[in-house]
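>>> mind folding the following:
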Amino acid sequence: MRRIVVGVLLAGALAGALGAVAGCAAVPLLGAEGVACASWVAFETDEQRASAADVVIVATDIERDGTMEILGYDANAYTVRVTEIEKGAIDGGVGAIVRIGSTADACSARPYGDEDQMLQAEPLRLFLTRSDAGWTTLTPFDGARPIDDPSPTTSPTPVD
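Model (predicted):
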């Protein structure tokens, strides 16, 4: 009976270490590497997104700028021109060119769902957080919204 309990506990610990760690990064475990995946928060409104973000800006002139490592994954990076600051502060203020990483769901077969959120019609309202990599979108699904988007402000359902 004792061996079964230890086996179940060890299996549970392995499953937790492989599937419950935030982000999608390699996790060394007993000499092997596994992948840990994030469980993304789905925000219902722009007000909730803004509350969770460190900075909210309106951006134009969005251009691809290579990649940025976010949670152990090479995510798309962009430069943007800040046209308005709605929350927080950005070095250089309005008019500054800022590099943004577009957070991806690296554990999904489609890390950006149907399309990278940064590739929507401009201008975009960006909900950003500060990480070791720099400014990144809040989540793969809740970091960018077109200003003139007439659709509801709810998040799309994350795609596996």
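>>> buried ones in stretch 128-147?
128-129, 135-145 (16 or more other C-beta atoms under 10 Å). Just so you know, the C-beta spots here come from the backbone N, C-alpha and C atoms, and that holds for glycine as well.
>>> try stretch 87-100
Ile90, Val98, Ile100.
>>> tell me which two in the buried residues of stretch 128-147 are the farthest apart.
Spatially, the most separated pair among those is Trp135 and Phe141, at 17.3 Å (C-beta to C-beta).
>>> ok so, going back, among the buried residues of stretch 128-147, which ones are in strands?
Taking DSSP state E, the ones among those that sit in strands are Leu128, Thr129, Trp135, Thr136, Thr137, Ala144, Arg145.
>>> now do the contacts for the first one.
When contacts are counted by C-beta atoms under 8 Å, 6 or more residues apart in numbering, Leu128 is found next to Ala53, Asp54, Val55, Val56, Ile57, Ile100, Trp135, Thr136, Thr137, Leu138, Gly143.
>>> tell me the bridge partners for it.
On the basis of DSSP bridges, Leu128 is bridged to Val55, Thr137.
>>> and the pLDDT for it?
With respect to pLDDT, Leu128 scores 97.
>>> distance check, it against Ala109.
26 Å (C-beta to C-beta, to the nearest Å).
>>> can you check Asp132 too?
27 Å.
>>> now swap in Arg145 and tell me
In terms of C-beta to C-beta, Arg145 sits 24 Å off from Ala109.
>>> so which elements touch whichever strand or helix holds Glu63?
Under the criterion DSSP states H and E, the helix or strand holding Glu63 is strand 55-70. Strand 55-70 sits against strand 73-87, strand 97-101, strand 124-131, strand 134-137, with contacts defined as 3 or more C-beta pairs under 8 Å, 6 or more residues apart in numbering; DSSP states H and E.
>>> what about 6 Å?
strand 73-87, strand 97-101, strand 124-131 (3 or more C-beta pairs under 6 Å, 6 or more residues apart in numbering; DSSP states H and E).
>>> list the helices and strands the shortest one packs on?
With contacts taken as 3+ C-beta pairs under 6 Å, 6+ apart, strand 97-101 sits against strand 55-70, strand 73-87, strand 134-137.
>>> of all those, which lies closest to Met118?
Of these, the one closest to Met118 (C-beta to C-beta) turns out to be strand 73-87, at 5.2 Å.
>>> please consider this matter closed, and thank you.
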